[in-house]
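**Q** pasting a predicted model and its sequence here:
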Amino acid sequence: MVLRDLLLELFGPGIEEVRLVEYSWINALHGWPLAVTRRQRIYLRCSAAAFFANTELVVHEYHHVMKQWNTGRLTVFRYLVETFRHGYWNNPFEVEARDIASRYRRYYSAARCGISK
């Protein structure tokens, strides 16, 4: 299984519409995180190749875009409110994305080695 297959399985064909912006200045406005997401966009601090080398980060960020931003659950206002309430690490949007990424990192790693789920 390749990473693209995993993304298609998790998020559907809409992944093809997500635009990656390499070396984005938008990250500087956010304190230089590895990635910043918005609807249909992932703004990267690094190259796309470096991004795709980190399966957990890829699933995490695609989850933000496909299941949070694109569904309307996540907005800048909601994100800020939850960050002020809980802090960045305990922000429910971040907790959810980390949980999904963690679960599927193990699945993806096993699939790459030929091990069934």
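**A** Nice, thanks for sending it over. Since the model is a prediction, treat every value here as computed from it, not as a measurement. Numbering: from 1, shown residues only.
**Q** could you find the closest non-adjacent residue to Leu7?
**A** Ile15 (4.8 Å; C-beta to C-beta, 6 or more residues apart in numbering). For every residue, glycine as well, the C-beta is placed using N, CA and C.
**Q** so how far is His60 from the one you found?
**A** Per C-beta to C-beta, to the nearest Å, Ile15 is found 14 Å from His60.
**Q** these two: which has the busier surroundings?
**A** Neighbour totals were compared for Ile15 and His60, and His60 leads with 23 against 15 (other C-beta atoms under 10 Å).
**Q** for that one, give me its contacts.
**A** Taking C-beta atoms under 8 Å, 6 or more residues apart in numbering, we find His60 in contact with 97-98, 100-101.
**Q** one more time with 10 Å, if that's ok
**A** 34-35, 37, 54, 94, 96-102, 104-105 (C-beta atoms under 10 Å, 6 or more residues apart in numbering).
**Q** how about Asn54?
**A** 34-35, 46, 60-61, 101, 105.
**Q** pLDDT weak spots in this protein?
**A** Within the chain, the ranges that satisfy pLDDT under 70 run 1, 106-117.
**Q** thought the residue nearest to Leu7 was touching Lys67?
**A** No: with contact defined as C-beta atoms under 10 Å, Ile15 does not count as touching Lys67 (11.5 Å).
**Q** Trp32: what's it in contact with?
**A** By C-beta under 10 Å, 6+ apart, the contact list for Trp32 reads Arg45.
**Q** measure it to Cys46 for me?
**A** From Trp32 across to Cys46, the span is 10 Å (C-beta to C-beta).
**Q** with Thr55 instead?
**A** 15 Å.
**Q** more crowded one of the two?
**A** Shown here are Thr55 and Cys46; by other C-beta under 10 Å, Thr55 has more neighbours (19 against 16).
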